[in-house]
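S.K.: sharing a sequence plus its predicted fold:
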Amino acid sequence: MTLRRFALFLALLVTTPVLAGERPVPPGPGQLAQAIAGAAPGDVLVLTGGAYPGPVTIDRPLTIAGPQGAVVDGLGQGTVITVAAPDVTLRGFSVTGSGSVNQNLDAGIKILKGADRAVIQDTHLSGNMHGIDVHGGRDAHVIGNDIIGRQNDRMNERGNGIYVWNSPGTLVEGNTVRFGRDGIFSNASRDGTYRNNVFRDLRFAVHYMYTHRSEVSGNVSIGNHLGFAIMFSDRVVVKDNLSLGDREHGLMLNYANNADVSGNLVRGGAKKCLFIYNAHKNLIYDNRFQGCGIGIHFTAGSERNVLTGNAFVTNREQVKYVGSRHMEWSLDGRGNFWSDHPAYDLNGDGIADGVYRPNDLMDHILWSQPAAALLTGAPAVQLIRWSQQSFPATLPGGVQDSAPLMTAPDIAVPAEYAADEAAVAGRWAKGSYDDIDPDDLASH
């Protein structure tokens, strides 16, 4: 071999990457921590069935995979698995036994700042304070996990299924979360996607605080205290979600601006299908709000919002607008469907011939003076309402739909979710709500 060829051979040896090794890890105390300490970056650690006592910290790029019967147990001490390096993948196994200190955000799995591109997939997490805490790592993927939270009596003292804090680019997709406090709590983050998850028996299904330029789509909330709470957040897309049998609000926009809210269904007993509080310049279209105490509660000076193509069906009170301004709820000749509007469509264009006004002066009086409800059937009250219908100029400021729709957009519910919806029907009539207070908007 010539000297030149020998030099080339050495160069190839140096530059050729060593293939990642697949290393089986037996169960037992210290085995997983020892395997991590002895692994090279890129190795795959394969767990078998059995217990792997923790906690453990992953400080190098690794993949850890195993069956659900492989259980990493934190034994009640802090966070069970801490991801402290980039490009870590955890797949398939079970995680349980975190500590119980909520202030420390004890969790089943925690992804730290700098631990970018983590993938947490198809794991089973139960018995932890928080399920998965994405705490600063960028571009995390949390996909297809099954998370069962704690069920201690006071809901506000439980942890969240998935907590996202200051973690841009997070993808949370296809997870199921049951019990605990909030399904997803996203705080001080941006550019995230939260889609196709299922949430049951929680405080909020999705709870946004200061989370901007992000998407909440295709999620299902069943029997929670509140479905989707978008708070102090800008440019959020909220589309194609289902709120079935939730208690307080199906959807809430609180200090939320420039949102795109479309294709959502709220159905089945919520006090308010949609609650808008001090939220501006939102486009709300093609949603269906059905069977709530109030279809939409609109208050606190919310301005420049567009509502078109929505269906308000069999709500006890379709609209509660607290304000004196005149609000037009149609766009380019297309309004909304109102199930209590006795409309005609003589030219067959799908738009009702009469304007819809959901509220009158008596509604405003009843909102400010509830005791006046005793007079609802009095002849004087009926005369006032008749005169306002006959002479619209006497109406106070309020909502008007100049182009009501004749047919309601329908949003189908898959059979599996309809069955779950039926199972929780009537639960809120029992009057047992633990310590939740969704009206306290600062509570999170």
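M.R.: Thanks, I have it.
S.K.: only C-alpha atoms from now on, for both contacts and neighbour counts.
M.R.: Fine.
S.K.: residue nearest the centroid of the protein?
M.R.: Val206 (2.2 Å; CA atoms, centre = their mean).
S.K.: quick check: the gap between that residue and Ile351.
M.R.: Distance, Val206 to Ile351, by CA to CA, to the nearest Å: 35 Å.
S.K.: distance from the lengthiest strand in the chain to the middle of the chain?
M.R.: Across the chain, the longest stretch assigned as strand under DSSP state E is strand 204-212. Here the centre of mass of C-alpha atoms in strand 204-212, compared against the chain's by CA atoms, centre = their mean, to the nearest Å, lies 7 Å away.
S.K.: quick one: contacts of it?
M.R.: Contact with strand 204-212 is made by 181-191, 199, 221, 224-236, as judged by CA atoms under 8 Å, 6 or more residues apart in numbering.
S.K.: redo that, cut-off 6 Å
M.R.: The contact list for strand 204-212, computed with CA atoms under 6 Å, 6 or more residues apart in numbering, reads 182-190, 199, 221, 226-235.
S.K.: can you tell me which of those are in strands?
M.R.: Mapping the contacts of strand 204-212 onto strands (DSSP E) picks out 184-190, 199, 221, 226-231.
S.K.: now the helix or strand harbouring Gln400: average pLDDT?
M.R.: Mapping Gln400 onto the secondary structure by DSSP states H and E places it in strand 399-400. Mean pLDDT, computed over strand 399-400, is 89.
S.K.: mind listing what that strand pairs with, with the direction of each?
M.R.: With DSSP bridges as the test, strand 399-400 is paired with strand 327-328 (parallel).
S.K.: and the next element down the chain from the partner strand?
M.R.: Stepping forward along the backbone from strand 327-328, the first helix or strand reached (DSSP H and E) is strand 337-338.
S.K.: quick one: distance of that next one to the chain centre.
M.R.: Taking CA atoms, centre = their mean, the mean C-alpha location of strand 337-338 is offset from the chain mean by 26 Å.
S.K.: that older thread, how far is the strand holding Gln400 from where the chain is centred?
M.R.: The chain centroid and the centroid of strand 399-400 are separated by 30 Å, computed with CA atoms, centre = their mean.
S.K.: then stretch 194-212?
M.R.: When C-alpha coordinates are averaged (CA atoms, centre = their mean), stretch 194-212 and its chain have centres 2 Å apart.
S.K.: now it - C-alpha only, CSV.
M.R.: Extracted as CSV, the C-alpha positions of stretch 194-212 are listed here (Å, rounded to 0.1, in the frame of the first residue of the first chain):
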residue,chain,number,x,y,z
TYR,A,194,-52.0,20.8,19.6
ARG,A,195,-54.2,18.5,17.6
ASN,A,196,-56.3,15.3,17.6
ASN,A,197,-56.1,14.7,21.4
VAL,A,198,-58.9,13.4,23.6
PHE,A,199,-59.5,14.8,27.1
ARG,A,200,-61.9,13.5,29.8
ASP,A,201,-62.7,14.3,33.5
LEU,A,202,-60.5,17.3,33.8
ARG,A,203,-60.7,21.0,34.8
PHE,A,204,-59.8,22.5,31.3
ALA,A,205,-59.2,20.3,28.3
VAL,A,206,-56.9,22.9,26.7
HIS,A,207,-55.8,25.9,28.8
TYR,A,208,-53.8,28.6,27.0
MET,A,209,-52.0,31.5,28.7
TYR,A,210,-49.7,33.8,26.7
THR,A,211,-49.4,31.3,23.9
HIS,A,212,-49.2,32.9,20.5
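S.K.: give the buried subset of the ones in strands among the contacts of strand 204-212 as a PyMOL selection command.
M.R.: Here is the PyMOL selection string for the buried members of those, based on 16 or more other CA atoms under 10 Å:
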select buried, resi 184+185+186+187+188+189+190+199+221+226+227+228+229+230+231
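S.K.: nearest to Asp260, of the ones in strands among the contacts of strand 204-212?
M.R.: Asp260 lies nearest to Ile230 out of the ones in strands among the contacts of strand 204-212, by CA to CA, at 11.5 Å.
S.K.: taking strand 184-190 as reference, get the angle to the longest strand of the chain.
M.R.: Using axes from the mean of the first three to the mean of the last three CA atoms, to 10 degrees, the interaxial angle of strand 204-212 with respect to strand 184-190 works out to 0 degrees.
S.K.: what's the separation between Ala140 and Val56?
M.R.: Using CA to CA, we find Ala140 at a distance of 19 Å from Val56.
S.K.: those two - which one has more neighbours?
M.R.: For Ala140 and Val56, the more surrounded residue by other CA atoms under 10 Å is Ala140, and the numbers stand at 27 against 21.
S.K.: am I right that that one is in contact with Ala118?
M.R.: Yes. Because the distance of 4.8 Å satisfies CA atoms under 6 Å, Ala140 is recorded as touching Ala118.
S.K.: just to revisit the earlier point, mean confidence (pLDDT) on the longest strand of the chain, please.
M.R.: Across strand 204-212, the average pLDDT comes to 98.
S.K.: just stretch 287-300 next, same as before
M.R.: When pLDDT is averaged over stretch 287-300, the result is 93.
S.K.: number the chain from 190, please
M.R.: Okay, using 190 as the starting number, the last item reads as stretch 476-489.
S.K.: in it, what's buried?
M.R.: Counting neighbours by 16+ other CA under 10 Å, one finds that the buried residues in stretch 476-489 are 476-488.
S.K.: circling back: okay, now the sheet partners of the longest strand of the chain, with direction.
M.R.: Using DSSP bridges, the strands paired with strand 393-401 are strand 373-379 (parallel), strand 415-420 (parallel).
S.K.: can I get the last one in CSV? Just the C-alpha atoms.
M.R.: As requested, C-alpha coordinates have been extracted for strand 415-420 and formatted as CSV (Å, rounded to 0.1, in the frame of the first residue of the first chain):
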residue,chain,number,x,y,z
LEU,A,415,-64.4,23.7,30.7
GLY,A,416,-63.4,22.7,27.1
PHE,A,417,-61.0,25.1,25.4
ALA,A,418,-59.8,28.2,27.2
ILE,A,419,-57.8,30.6,25.1
MET,A,420,-56.5,33.4,27.4
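S.K.: next helix or strand past it?
M.R.: Past strand 415-420, further along toward the C-terminus, the next helix or strand under DSSP H and E is strand 425-428.
S.K.: what's the answer for the first one, then?
M.R.: Next helix or strand after strand 373-379 toward the C-terminus (DSSP H and E): strand 382-384.
S.K.: that following strand - contacts with which helices or strands?
M.R.: Using 3 or more CA pairs under 6 Å, 6 or more residues apart in numbering; DSSP states H and E as the contact criterion, the secondary-structure elements in contact with strand 382-384 are strand 360-362, strand 403-406.
S.K.: relative to that strand, what are the paired strands and their orientations?
M.R.: Paired strands of strand 382-384, with direction, are strand 360-362 (parallel), strand 403-406 (parallel) (DSSP bridges).
S.K.: chain center to the longest one: distance?
M.R.: Strand 403-406 sits 8 Å away from the centroid of its parent chain (CA atoms, centre = their mean).
S.K.: how about it as CSV, C-alpha atoms only?
M.R.: This file holds the C-alpha atoms of strand 403-406, laid out as CSV (Å, rounded to 0.1, in the frame of the first residue of the first chain):
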residue,chain,number,x,y,z
SER,A,403,-50.4,28.4,17.5
GLU,A,404,-53.1,25.9,16.6
VAL,A,405,-55.6,23.9,18.6
SER,A,406,-57.4,21.6,16.2
